[in-house]
Structures are given as C-alpha cells and as structure tokens.
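**Q** next input, structure requested:
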Amino acid sequence: MTEHATFFLGANTPGGFHSLFHELYDPLDGWHAYILKGGPGCGKSTLMKTVAAHLDDAGIGYETIRCASDPDSLDALRIESKKICIADGTAPHVLEPRYPGAAETTVDLGACWDETLLRENSAEIIRCFSENAACHKRSVRFLQAAESLSRDVRRLAQGCLDPEKIERYAARFAARHFGTPKGHVGREITRFLSAVTPQGITIHRDTVDALCDEVLVVEDAHGAAAYALLALLRRYALGNGLDVIVCPCPLHPDAGPQHLFFPQIRLGVVTQTAYQYFDGDHTIHASRFTDAAALRSHRSRIAFSRRTEKELLEEAVCAMRDALDVHDRLEALYRPAVDFDAVTRIAERIAEEIAG
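**A** Numbers count the residues shown, from 1 in each chain. Sure thing, here's the model as predicted:
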C-alpha cells in the first residue's frame with residue numbers, strides 16, 4: 001500500500017453497516033494489531049492521531065482509515081512496513097483478538113475512566129445510545145429506498161449496453177497497461193474510497209493523487225458500463241500478476257468495483273457519477289458502449305428516479321447528521337470521566353513500540 005493513502009474500511013449501506021475490517025491485518029502473515037476498546041469520547045481517535053504524529057516525525061508511512069459516521073475521526077492506522085495496525089475495535093466494526101497476546105494486544109481505555117461519574121449519568125447515556133441507533137436505522141431505510149431506484153436505473157442502462165465493445169476496450173487497455181503475465185495471480189484488497197457520511201458523500205480524492213501517476217476517468221452517470229468495464233480490468237490485472245485495490249460503491253457494495261487502483265504501475269481507473277467527480281488524465285464516456293436511442297426511450301423514468309434518489313440520499317445524510325449530534329452528546333458525557341493524560345501515555349508507549 002502506498003504511504004499515507006486514506007480510505008474507509010466500513011460504510012453505511014442499504015444493508016446496514018458494511019465492514020471490511022477483516023482485511024485490516026493478517027496474523028498468519030506476521031501482523032500484530034493493537035485493538036482499542038472503550039466508550040465514545042474516551043480517546044480512541046485521539047490516541048491514533050497521537051501515534052500518527054509520532055510516525056510522521058519518525059518518517060514511517062502508514063495508511064489512514066477514517067470513520068464513515070464521522071470522517072474527522074480515525075478508525076484505524078495500518079503500518080505496512082512494520083506489519084502493525086491500530087484499530088477501534090468497538091461497534092459497529094467489532095474486532096476481537098484471534099490470537100490474544102501473540103498477534104493482538106487489547107488496549108482497554110476503560111481503565112482510564114472513572115466509572116462512578118459514568119454511573120451517575122447512566123440513564124442519559126443509555127438513552128443516547130438508543131437514540132443514536134434509531135437515527136442509524138432511519139438512515140438505512142432511506143439508503144434502501146435510494147438504492148432501489150439506483151438499481152432500477154442501472155438495469156435499464158445495462159439493457160442498452162454493447163458488451164462486445166466493452167470487452168474489446170478492456171482487452172486493448174490490459175495489453176497496453178498491464179504487461180505480460182507474471183506467472184502468478186496478483187493480490188487483491190478491498191477498500192471504500194467514498195462513503196455516505198454526515199457531511200454528504202465523502203470522497204478521499206487525495207488518495208487518488210497518492211496512489212496514481214495516471215488516472216483514467218470513466219464518466220458514467222448510470223454506472224452500468226463502468227461496472228462491466230472495471231470488472232474486466234480487475235480480472236485482467238489479477239491474471240497478469242498485478243496487485244489491485246478494489247473500491248466498491250457504498251450504495252452497491254456487492255455489485256463490483258467502482259474504482260480500481262494498480263499500485264505497482266501507479267495507475268487508477270475511477271468512475272465519475274452525478275455524486276462523484278474526479279480530475280483525470282484521460283476520460284472515457286460510457287456513451288461509446290451504449291445504444292443512445294434505446295437509452296433515450298427511458299429518459300423520463302431515469303430522470304424521475306435520479307431526482308427522487310437524490311432526495312432520499314439527502315434524507316439519509318440528515319439522519320446520519322442527527323446520529324452524529326447524539327454521538328457528540330455521548331462524548332460530552334464520557335469525557336469528564338476520562339484521564340486523558342493516561343491515554344496520552346498509552347499512545348506514546350504504543351508509538352515507541354512501533355518505531356522500535
């Protein structure tokens with residue numbers, strides 16, 4: 001992984017929270033994980049930011065994992081050169097040690113708080129947790145409705161595609177960029193480049209610059225051509241022995257790749273939609289693979305679906321914003337009970353262990 005790339009490892013989706021945290025580390029490949037436990041506002045993200053600052057000072061590169069429920073907060077740091085990661089192991093992306101002590105260190109930040117103060121506010125804390133969960137459930141219902149409309153549009157567009165044109169383009173692209181087969185299959189990892197967050201659809205565009213010297217933008221308002229093309233490019237690249245970072249769409253996490261990165265050749269292929277815009281070196285328009293007349297026959301239906309989908313996504317974002325407001329209230333209840341000096345000491349100890 002290229003140094004200082006930023007991704008999400010979980011996303012709010014129509015199926016609820018979709019976690020990729022199982023891809024964070026592999027204990028069978030010599031990785032060690034620091035798994036942070038504790039409540040909201042107890043310093044998990046602050047601890048990781050402290051460690052990140054130490055890594056910056058030491059010139060050690062790392063991958064940053066942001067929180068989809070609050071993009072200003074950290075969910076994990078992944079230091080590939082050291083085979084070490086630090087992660088928030090609490091819900092909704094619960095991590096439990098598989099090889100305690102041997103491959104994972106559990107860091108209990110609950111040891112840094114005063115439970116007496118928390119018990120005094122137990123009724124309000126419980127009420128806030130319930131309210132936060134209700135906000136997230138409301139958001140999921142809006143995402144489900146939006147995804148249903150988006151899927152209908154994509155199905156209409158798929159019926160207007162010329163698959164043979166897509167296959168020929170993919171073959172030419174692979175021959176030009178992927179070289180000859182290396183005698184082995186490439187490694188595939190999955191990340192979310194974007195997520196539906198309280199700030200709207202948040203995209204880590206800086207990651208594209210960090211990973212790529214060349215970027216191909218597939219301009220496709222409906223997604224059908226892009227999904228078909230990127231699925232073929234993924235297969236060609238892996239078959240030729242190239243590593244691939246596959247980034248699914250948070251609205252359709254199981255539909256296939258929305259963006260692809262090939263770190264060894266510093267090339268990216270990203271999909272531009274009505275919600276995601278990218279600057280690139282080259283642009284390919286989905287229209288070259290599409291029967292324009294057939295697609296125009298669905299124009300009014302597609303326009304209605306897109307308009308309604310946009311409104312539903314806005315409502316989902318509002319619900320996430322409400323959930324974040326409740327989470328902020330929870331943090332305000334926890335913070336007075338936390339000994340942040342103790343949290344800082346733990347962060348500095350972990351940073352020293354990593355640097356060493």
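**Q** got any ranges where this structure has weak pLDDT?
**A** 1-3 (pLDDT under 70).
**Q** how is it divided into domains?
**A** Residue ranges for the domains of the chain, per automatic domain parsing: 6-113+339-355, 161-290.
**Q** would TSV of these with mean neighbour count be doable?
**A** Yep, even glycine has a C-beta here, placed from its N, CA and C like the rest. Output for those, formatted as TSV (neighbours: other Cβ atoms under 10 Å):
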stretch	mean neighbour count
domain 6-113+339-355	18
domain 161-290	19
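**Q** output those domains in a markdown table, with distance to residue 333 appended to each entry.
**A** A markdown table is the format used below for the domains of the chain (distance: least, Cβ to Cβ, whole Å):
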| stretch | distance to residue 333 |
| --- | --- |
| domain 6-113+339-355 | 7 |
| domain 161-290 | 20 |
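**Q** residue 330: which of the ones you listed is closest?
**A** Proximity to residue 330 (Cβ to Cβ) singles out domain 6-113+339-355 among those, at 4.4 Å.
**Q** am I right that residue 201 is in a strand?
**A** Yes - according to DSSP: H, G, I helix; E, B strand; the rest coil, residue 201 belongs to a strand.
**Q** which stretches in this structure count as helices?
**A** Ranges of helices within the chain are 44-58, 115-120, 122-158, 163-177, 205-211, 224-239, 292-296, 299-334, 340-355, based on DSSP state H.
**Q** nearest to residue 92, out of those?
**A** helix 122-158 (8.3 Å).
**Q** list the buried residues of the closest one.
**A** 125, 128-129, 131-132, 135-136, 138-140, 142-147, 149-151, 153-154, 156-158 (16 or more other Cβ atoms under 10 Å).
**Q** try stretch 112-121
**A** 112-113, 118, 121.
**Q** straight-line length of that stretch, end to end?
**A** End-to-end distance for stretch 112-121, by Cα to Cα, to the nearest Å: 17 Å.
**Q** what's next to that stretch, contact-wise?
**A** The contact list for stretch 112-121, computed with Cβ atoms under 8 Å, 6 or more residues apart in numbering, reads 38-39, 42-43, 125, 333-334, 336-340, 342-343, 346.
**Q** and stretch 44-60, how far out from the chain middle?
**A** 20 Å (Cα atoms, centre = their mean, to the nearest Å).
**Q** scratch that, stretch 316-334 is what I was asking about
**A** With Cα atoms, centre = their mean, you get 20 Å for stretch 316-334.
**Q** all set, thanks.
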